[in-house]
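> 3D model of this:
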Amino acid sequence: MSIETVPIRLILVGSEGRMGIEMTNVCAVDPGATITGRVDRTRTDLPDDAEDTVVVDFSSEAGTQRAIIIAQELETPILVGTTALGEGTMNALQELSTSVPVAHVSNTSIGIALLHHLLRVAGQALRDEPRLDVSVRETHHTGKLDAPSGTALSLVNSLSNLGLKVDEGCVESIRHGQVPGEHEVGFTLGRERLTLKHEALDRSLFAEGALHLARTLLQQEPGLYDVPDLLDLRIPTRIKP
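Sure thing, here's the model as predicted:
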């Protein structure tokens, strides 16, 4: 059975928010996906049966804390897409991962996962270059509160793990219009510059990615997972004839 046809039921935390609405729309056209629970500031509607269920959270820190309690009580996997979480909430997710599969992802785009992969390739090749300067720029809609975005911070962390330092002044955040999300990493070497960029063209791609990740998470053992853990990104560096 393809992962895309695996039956799944979702409890949406933050179902009235931007991503909650997108998740509702995506599930409406997916015959194998059903929303059986909704949690928002004014309501908590949960199913009696939590079989094949994943809690999906796109809300706020308070919403994520409620989602953790729900996943713990129902013993279901949980996918958290809420960013800028405090240390206490992150510790609670870590503790929950000892009993159920937990994924905390800053971006559910498959393209962003590939961007991280390409960063590793470029970073390993350039990390000993003495002229190298690295910058990160992200652009989002005016309604996004955290800056830099969680995805931008994850890109900086990936670069740091490669030994490439990104100075604080080289991380730029732009809030403009209704932009779903753009992330760009620039490598400047003297008189030349390499740019790796991902641009989200429609918010629905994040919902589609979240549904794919939730289905994959449903198949996992208890533990704490990130997007690379849930996707097969083994891309060959050389194609054999």
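> Helix, strand, or coil at residue 26?
Here residue 26 is recorded as helix under DSSP: H, G, I helix; E, B strand; the rest coil.
> ugh, wrong one, I meant residue 50
Classified using three-state DSSP, residue 50 is coil.
> And it, what's its pLDDT?
What the model reports as pLDDT for residue 50 is 96.
> Any idea how many residues pack against it?
Residue 50 has 19 neighbours, counted by other C-beta atoms under 10 Å. Every C-beta, even on glycine, is put in place using the N, C-alpha and C of the backbone.
> Quick one: the strands in this protein, in order.
Secondary structure of the chain by DSSP state E: the strands cover 8-13, 33-40, 43-45, 53-57, 78-80, 101-104, 132-140, 171-175, 182-189, 192-199, 223-225.
> could those go into CSV alongside mean neighbour count and mean pLDDT?
Listed next are the strands of the chain as CSV, based on neighbours: other C-beta atoms under 10 Å; pLDDT from 0 to 100:
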stretch, mean neighbour count, mean pLDDT
strand 8-13, 25, 98
strand 33-40, 19, 98
strand 43-45, 12, 96
strand 53-57, 27, 98
strand 78-80, 27, 98
strand 101-104, 25, 97
strand 132-140, 20, 96
strand 171-175, 15, 97
strand 182-189, 19, 96
strand 192-199, 13, 96
strand 223-225, 16, 96
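> out of the ones you listed, nearest to residue 158?
Shortest distance between residue 158 and the strands of the chain, using C-beta to C-beta, is found for strand 182-189: 9.1 Å.
> Check the offset of the closest one from the chain's centre.
Relative to its chain's centre, strand 182-189 lies at 20 Å (C-alpha atoms, centre = their mean, to the nearest Å).
> With residue 73 as the reference, measure out to the closest residue to residue 11 other than its chain neighbours.
Leaving aside its sequence neighbours, residue 11 sits nearest to residue 37 (C-beta to C-beta, 6 or more residues apart in numbering; 3.4 Å). To residue 73, residue 37 is 12 Å away according to C-beta to C-beta, to the nearest Å.
> Residue 107 too?
Using C-beta to C-beta, one gets 28 Å for the distance from residue 107 to residue 73.
> More neighbours: those two, which one.
residue 107 (26 against 10).
> number of nearby residues for the nearest residue to the more buried one once chain neighbours are set aside?
Among residues not flanking residue 107 along the chain, residue 151 sits closest, at 4.2 Å (C-beta to C-beta, 6+ apart). Residues lying near residue 151 (other C-beta under 10 Å) number 24.
> From what I see, residue 151 and residue 115 are in contact.
No. Contact status for residue 151 versus residue 115: not in contact, 9.0 Å apart, counting by C-beta atoms under 8 Å.
> list residues touching both of these two?
Contact criterion C-beta atoms under 8 Å, 6 or more residues apart in numbering; residues shared by residue 151 and residue 115: residue 183.
> From residue 80, how far off is the residue nearest the centre of the chain?
With distances taken as C-alpha atoms, centre = their mean, the residue of the chain nearest its centroid is residue 107 (2.6 Å). Per C-beta to C-beta, residue 107 is found 12 Å from residue 80.
> Name the helix or strand of this structure that has the lowest mean pLDDT.
Within the chain, confidence by mean pLDDT, DSSP states H and E is lowest for helix 227-230 among all helices and strands, at a mean of 84.
> what comes into contact with it?
Here helix 227-230 has contacts from 103, 105, 107-108, 112-113, 116-117, 213, 216-217, 220, using C-beta under 8 Å, 6+ apart.
> same thing but 6 Å
Contacts with helix 227-230, where a contact means C-beta atoms under 6 Å, 6 or more residues apart in numbering, come from 105, 113, 213, 216.
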